[in-house]
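K.L.:
After the sequence you'll find the predicted model.
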Amino acid sequence: MALNLLVLSGLSTGVWAHELEPAVGRIWLEEGQVRLEIEASFEAIVAGVDLGQYEDTNAAPQAEDYDALLAMPASIFQQRLEAFWPVLRNNIAVKIGSSVIAPDLVGVKIGDQDNPELARKSTLLMTVPNPGNKAVAAGWSAAYGPMILRQEGIGDAGFTGYLNPGELSPEISPEGGGTEGGMATFLRYIGVGFEHIIPLGLDHILFVLGLYFLAPKLSALLWQISAFTLAHTITLALAATGLVNIPGSIVEPLIAASIVYVAVENIFFRELKPWRPALIFAFGLLHGLGFAGVLGEFGLPPGQFVPALIGFNIGVEFGQIAVILVVLAFSLFALQASEGKGFEATALYGYYAVGLLFLVVVLVGRISISPDWDEALPYFLLAGLILAAMCATCVAASSTRFTAYRDFVSVPASVIIAIVGAFWVIERVFLGG
């Protein structure tokens with residue numbers, strides 16, 4: 001199981017490197033014209049990747065075309081992007097009154113590309129005539145993915161919004177305003193926070209699982225989760241307001257190291273020790289800085305800073321609770337066996353049914369999306385890992401030993417988590433991952 005997950009982590013590195021962030025649009029409503037800049041990974045758009053469907057270019061049929069464009073020198077790709085402009089132009093809309101106007105291209109800036117395995121960000125500079133200085137709305141094709149749109153030039157009064165794929169912004173006036181209300185911002189950022197845990201936050205998921213696997217008793221779990229939540233809330237707020245700024249190159253390896261520590265402690269200790277909540281608090285400070293990096297990608301609307309920050313934090317908590325509930329469901333029989341209760345037949349049929357369902361959904365679904373063996377292999381390994389874990393838990397459920405939960409669930413899971421965390425430390429320190 002540990003070997004499976006270690007191999008999976010290594011194979012997945014290249015996959016994660018092709019996950020794309022939302023585009024960032026900046027709009028100025030100037031005298032007689034609208035000026036628009038869009039920063040995005042335009043290689044994916046030129047290659048024809050449907051970014052409304054795929055966040056990871058490796059999962060798209062055009063993955064090879066995207067990689068080829070990404071490998072081009074900046075000057076060559078600029079020529080390709082400028083040649084593609086007529087197509088782009090017809091998929092970018094600026095609406096003034098009842099008229100939808102395609103913008104004019106005035107410049108292209110190709111971003112630096114130090115690592116060809118990472119997405120390259122480039123910027124299109126465009127203008128649209130607006131003789132009456134009217135309010136405008138802007139957006140682009142659903143195939144180009146989501147966009148964060150910000151009005152510049154008027155300070156905090158400017159519009160800031162997150163546009164779903166294909167969505168047009170509300171009307172933006174030269175005086176600003178039009179930003180979504182506090183409740184809408186709050187609810188939207190709950191989703192952003194939840195998504196950062198499930199499915200995007202594998203490192204945070206493993207840390208939370210490490211807290212759970214020490215001892216799934218409510219008291220032990222509450223002490224740890226409370227310390228972790230308080231700590232990451234503090235640093236998330238400090239980093240979001242700009243009072244604390246620590247580079248990701250420092251934060252990310254330390255987050256991985258915190259995962260290793262928690263998992264190793266689970267292996268050698270059977271119960272919560274007095275020092276553990278304090279250490280969890282310190283680790284929570286690190287994870288809060290990691291969460292702040294995500295908010296940096298999305299941006300916090302200046303006029304709705306507090307609702308967005310609170311909503312994001314609540315979304316993170318919902319994600320953590322969901323992780324714990326899912327793992328609790330899978331380990332329930334082992335916990336009952338540890339208490340001297342046996343539900344052999346129920347455990348046997350229940351876990352194998354879930355295992356078969358997982359295999360069907362993941363393997364058949366993955367192969368239908370991407371039949372290439374090199375892309376499907378990590379999912380086969382993950383399926384094998386999950387099935388092996390289910391079998392181990394099934395054994396625990398059929399056992400009359402009072403240490404079934406620790407022997408068959410807690411310690412094996414903690415070993416896996418420690419190996420993955422150690423791999424991430426090496427990757428983030430020495431391999432630039």
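P.N.:
That came through, no problem.

K.L.:
For the chain, which segments count as strands?
P.N.:
23-30, 33-40, 92-96, 99-101, 104-110, 122-129, 136-140, 147-151, 160-163 (DSSP state E).

K.L.:
Same list (those) but as CSV, adding mean neighbour count and mean pLDDT.
P.N.:
To be clear about C-beta, it is placed using only N, CA and C from the backbone, and glycine gets the same treatment. As requested, these are exported to CSV (neighbours: other Cβ atoms under 10 Å; pLDDT from 0 to 100):
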stretch, mean neighbour count, mean pLDDT
strand 23-30, 20, 91
strand 33-40, 20, 94
strand 92-96, 21, 92
strand 99-101, 12, 89
strand 104-110, 14, 93
strand 122-129, 18, 94
strand 136-140, 23, 92
strand 147-151, 23, 86
strand 160-163, 22, 80
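
K.L.:
now for those, which one comes closest to residue 245?
P.N.:
For residue 245, the closest of these is strand 23-30, at 19.3 Å, according to Cβ to Cβ.

K.L.:
And the contacts of the closest one?
P.N.:
34-40, 130, 133, 136, 138, 140, 144-153, 159, 172-174, 299 (Cβ atoms under 8 Å, 6 or more residues apart in numbering).

K.L.:
So what sits opposite residue 139 in the bridge?
P.N.:
Note on residue 139: beta-bridge partners by DSSP bridges are residue 93.

K.L.:
can I assume it is in contact with residue 162?
P.N.:
No: look at residue 139 against residue 162 with Cβ atoms under 8 Å: they stay out of range, at 11.6 Å.

K.L.:
any chance of the strands of the chain in JSON lines, plus distance to residue 64?
P.N.:
Below are the strands of the chain laid out as JSON lines (distance: least, Cβ to Cβ, whole Å):
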{"stretch": "strand 23-30", "distance to residue 64": "23"}
{"stretch": "strand 33-40", "distance to residue 64": "20"}
{"stretch": "strand 92-96", "distance to residue 64": "26"}
{"stretch": "strand 99-101", "distance to residue 64": "34"}
{"stretch": "strand 104-110", "distance to residue 64": "21"}
{"stretch": "strand 122-129", "distance to residue 64": "20"}
{"stretch": "strand 136-140", "distance to residue 64": "25"}
{"stretch": "strand 147-151", "distance to residue 64": "26"}
{"stretch": "strand 160-163", "distance to residue 64": "29"}
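
K.L.:
Residue 75 is nearest to which of these?
P.N.:
Nearest to residue 75, of all the strands of the chain, is strand 104-110, at 7.7 Å by Cβ to Cβ.

K.L.:
Paired strands for the closest one, with orientation please.
P.N.:
Assessed with DSSP bridges, strand 104-110 is paired to strand 122-129 (antiparallel).

K.L.:
Identify the residues contacting the strand it pairs with?
P.N.:
Residues contacting strand 122-129 (Cβ under 8 Å, 6+ apart): 32-42, 77-78, 81, 88, 92, 94, 96, 101, 103-111, 136.

K.L.:
chain center to stretch 310-325: distance?
P.N.:
Relative to the centre of its chain, stretch 310-325 is centred 13 Å away, using Cα atoms, centre = their mean, to the nearest Å.

K.L.:
which of the residues in it are buried?
P.N.:
310-320, 323-324 (16 or more other Cβ atoms under 10 Å).

K.L.:
okay, that stretch in CSV with CA atoms only?
P.N.:
In CSV, the C-alpha atoms belonging to stretch 310-325 read as follows (Å, rounded to 0.1, in the frame of the first residue of the first chain):
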residue,chain,number,x,y,z
ILE,A,310,-14.9,34.4,6.7
GLY,A,311,-16.6,32.4,3.9
PHE,A,312,-13.3,31.0,2.7
ASN,A,313,-12.4,29.9,6.2
ILE,A,314,-15.8,28.3,6.8
GLY,A,315,-15.5,26.5,3.4
VAL,A,316,-12.1,25.1,4.6
GLU,A,317,-13.7,23.8,7.8
PHE,A,318,-16.6,22.2,5.9
GLY,A,319,-14.0,20.4,3.7
GLN,A,320,-12.1,19.2,6.8
ILE,A,321,-15.3,17.9,8.4
ALA,A,322,-16.3,16.1,5.2
VAL,A,323,-12.9,14.4,5.1
ILE,A,324,-13.3,13.2,8.7
LEU,A,325,-16.8,12.0,8.1
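
K.L.:
which other residues reach that stretch?
P.N.:
Contacts of stretch 310-325 (Cβ under 8 Å, 6+ apart): 185-198, 201, 204-205, 208-209, 212, 221, 225, 229, 232-233, 236, 291, 295.

K.L.:
from these, which would you call buried?
P.N.:
Buried residues within the contacts of stretch 310-325, counting neighbours by 16+ other Cβ under 10 Å: 185-186, 188-190, 192-194, 196-198, 201, 204-205, 208-209, 212, 221, 225, 229, 232-233, 236, 291, 295.

K.L.:
Let's see which of the contacts of stretch 310-325 end up in helices.
P.N.:
185-197, 204-205, 208-209, 212, 221, 225, 229, 232-233, 236, 291, 295 (DSSP state H).

K.L.:
Contacts only, for residue 306.
P.N.:
residue 182.

K.L.:
gap between it and residue 430?
P.N.:
40 Å (Cβ to Cβ, to the nearest Å).

K.L.:
do the same with residue 281
P.N.:
From residue 281 to residue 430 the distance is 29 Å (Cβ to Cβ).

K.L.:
Looking at the two, which is more packed in?
P.N.:
Between residue 281 and residue 430, residue 281 has the larger neighbour count (other Cβ atoms under 10 Å), namely 18 against 9.

K.L.:
these two touch, right, the more buried one and residue 229?
P.N.:
No: between residue 281 and residue 229 there is no contact under Cβ under 8 Å: 9.8 Å.

K.L.:
Which single helix of this structure contains the most residues?
P.N.:
Assigned via DSSP H, the chain shows its longest helix as helix 305-338.

K.L.:
how distant is that helix from the center of its chain?
P.N.:
Centroid displacement of helix 305-338 relative to its chain, using Cα atoms, centre = their mean, is 16 Å.

K.L.:
Understood, closing this out.
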